[in-house]
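> heads up, no residue letters with this:
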């Protein structure tokens with residue numbers, strides 16, 4: 001049995017980048033919703049809330065795509 005270390009390193013690198021990006025989007029979603037709910041005046045609260053929902057939608061899309069790749 002021969003292990004392809006370059007391919008293994010590539011998979012590890014991509015997994016690490018995607019994980020960090022997913023955690024980042026989730027964090028931005030939480031921050032956006034907390035700023036939107038904090039009672040900010042004007043349109044900035046609504047924009048922050050919409051941005052939070054967009055970040056959560058991106059997280060859900062990434063998870064759905066991952067499940068799709070595993071199943072197919």
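In hand now; what should we look at? Note that the structure is predicted; figures quoted are calculated from it, not measured.
> Pull the contacting residues for the residue sitting nearest the centre point of the chain.
With distances taken as C-alpha atoms, centre = their mean, residue 22 lies nearest the centre of the chain, 2.7 Å away. Going by C-beta atoms under 8 Å, 6 or more residues apart in numbering, residue 22 touches 59, 62, 63. Placement of C-beta: from N, CA and C, glycine included.
> Please check those and keep the buried ones.
residue 59 (16 or more other C-beta atoms under 10 Å).
> Which one of the contacts of residue 22 is nearest to residue 15?
residue 62 (12.4 Å; C-beta to C-beta).
> With adjacent residues omitted, what lies nearest to that closest one?
Counting by C-beta to C-beta, 6 or more residues apart in numbering, the nearest residue to residue 62 once its immediate chain neighbours are dropped is residue 22, at 5.7 Å.
> now do residue 51
Nearest one to residue 51, counting by C-beta to C-beta, 6+ apart, is residue 32 at 4.3 Å.
> Just list the residues touching the one you found, thanks.
48, 49, 50, 51, 52, 53, 54, 55.
> Could you report the neighbour count for the last one?
The criterion is other C-beta atoms under 10 Å. On that basis, residue 55 has 20 neighbouring residues.
> circling back: and the pLDDT for the residue nearest to residue 51?
In this model, residue 32 is scored at 90, pLDDT.
> Counting neighbours, which bits of the host helix or strand of it end up buried?
Using DSSP states H and E, residue 32 maps to helix 5-37. Neighbour counts over helix 5-37 (16+ other C-beta under 10 Å) mark 25, 28, 29, 32, 33, 35, 36 as buried.
> What is the lowest-pLDDT residue among the residues you listed?
residue 36 (73).
> Now it: closest residue in space, sequence neighbours ignored.
residue 49 (2.9 Å).
> likewise residue 21?
Closest to residue 21 by C-beta to C-beta, 6+ apart is residue 62, at 7.9 Å.
> what sits against that neighbour?
18, 21, 22, 25.
> could you redo the residues you listed as TSV and give each row distance to residue 71?
TSV is the format used below for the contacts of residue 62 (distance: C-beta to C-beta, whole Å):
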residue	distance to residue 71
18	18
21	22
22	19
25	23
